[in-house]
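Chemist: sequence and predicted structure, then a few things I'm wondering about:
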Amino acid sequence: MAVAPLTGSTKAVGLASFPSPMTMSPLTLDRNSLGRGQRLGQVQALKTFSLPDLPYDYRALEPLVSGEIMELHHLKHHLTYITNYYKALHQLDEAISKGDSSSILRLQSSIKFNGGGHINHSIFRKNLAPVIEGGGEPPNGLLGVAFHSSYGSLEALMQKINAEGAALQGSGWVWLALDKEMKRLQIETTQNQDPLVTKGPNLVPLLGIDVWEHAYNLQYKNVKADYLKNIWKVMNWKYASELYEKESA
Ligand SMILES: [Fe+2]
């Protein structure tokens, strides 16, 4: 059973409504100068944060990823990142309104970790698909051509990504990215919940694999290599292909 969004749309975050500091005199960066309407609008926008729906049933990826993992991953882990991200943004809003620079700086790590967790898990859900809906089917089209050009074959690409994921110490993610500026595929890893954008502003995440233990331990125990081998059997290459063609155009 797919889970309905808890609070509706995910599209607005609200901090974008702040005037850019680069366009303002330092003397204007006080609470009153922002204007009451802007502040109210910002808080209302933050209320739209929500847990994105899963596009498939929790058990739809079995036996490759258990329903228990999918449910815990969605309802416990992802929701916790969203809750803490939302909380940190509200605290940031308060800190900015008070001119509390220490708190503003202190909150950056929480925003990065929890906001990254929200972004990464939202991508991860779209990267997977049940086998009966095309999960694991090799990509055709331009992405397939790019694989062969850059790595020789899809199998070689998967082996390289698995090797990077297996070598990642601690928790993190392994990514297949499109470098929009260089027009080439790139494999990257990020630590903890750092999103791919921390490795470069031109990198588009075509797919990301969660290599935190919570993504596989219940089913695969501590054998990360088996998890990495099987996750490809439910990879949604259709999503990656469509994104590649859109972003590389
Ligand atoms: Fe995760």
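Modeler: That came in fine, so what should we check first? Residues are numbered from 1 along each chain as shown.

Chemist: wait, residue 234 sits on residue 130?
Modeler: Yes. Using CB atoms under 8 Å, residue 234 is in contact with residue 130, at 6.8 Å. The way it works is simple: take the backbone N, C-alpha and C, and place the C-beta from them, glycine included.

Chemist: shared neighbours of these two, anything?
Modeler: residue 61 (CB atoms under 8 Å, 6 or more residues apart in numbering).

Chemist: so for those two, which residue has more residues nearby?
Modeler: A direct count of neighbours by other CB atoms under 10 Å for residue 234 and residue 130 places residue 234 higher, at 21 against 18.

Chemist: what's the nearest residue to the more buried one if we skip its chain neighbours?
Modeler: residue 135 (3.9 Å; CB to CB, 6 or more residues apart in numbering).

Chemist: does residue 206 belong to a helix or a strand, and which?
Modeler: strand 203-210 (DSSP states H and E).

Chemist: show me the contacts for the most centrally placed residue in the chain.
Modeler: Nearest to the mean C-alpha position of the chain, by CA atoms, centre = their mean, lies residue 120 at 1.5 Å. Shown in contact with residue 120 (CB under 8 Å, 6+ apart): 173, 193, 195, 208, 210.

Chemist: next helix or strand past the helix or strand containing it?
Modeler: Using DSSP H and E, residue 120 sits within helix 101-127. Next in sequence after helix 101-127, counting helices and strands by DSSP H and E, comes helix 141-151.

Chemist: only C-alpha atoms, please: export that next one in CSV.
Modeler: C-alpha atoms of helix 141-151 as CSV (Å, rounded to 0.1, in the frame of the first residue of the first chain):
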residue,chain,number,x,y,z
GLY,A,141,18.6,5.5,-25.8
LEU,A,142,21.1,8.2,-25.1
LEU,A,143,22.0,7.0,-21.6
GLY,A,144,22.8,3.5,-22.9
VAL,A,145,25.0,5.1,-25.5
ALA,A,146,26.8,7.1,-22.9
PHE,A,147,27.4,4.0,-20.7
HIS,A,148,29.2,2.3,-23.5
SER,A,149,31.1,5.3,-24.5
SER,A,150,32.3,6.1,-20.9
TYR,A,151,32.6,2.7,-19.3
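
Chemist: for the residue of the chain found nearest the ion, list each beta-bridge partner.
Modeler: Closest residue of the chain to the ion, CB to the ion: residue 210 (4.2 Å). Note on residue 210: beta-bridge partners by DSSP bridges are residue 173.
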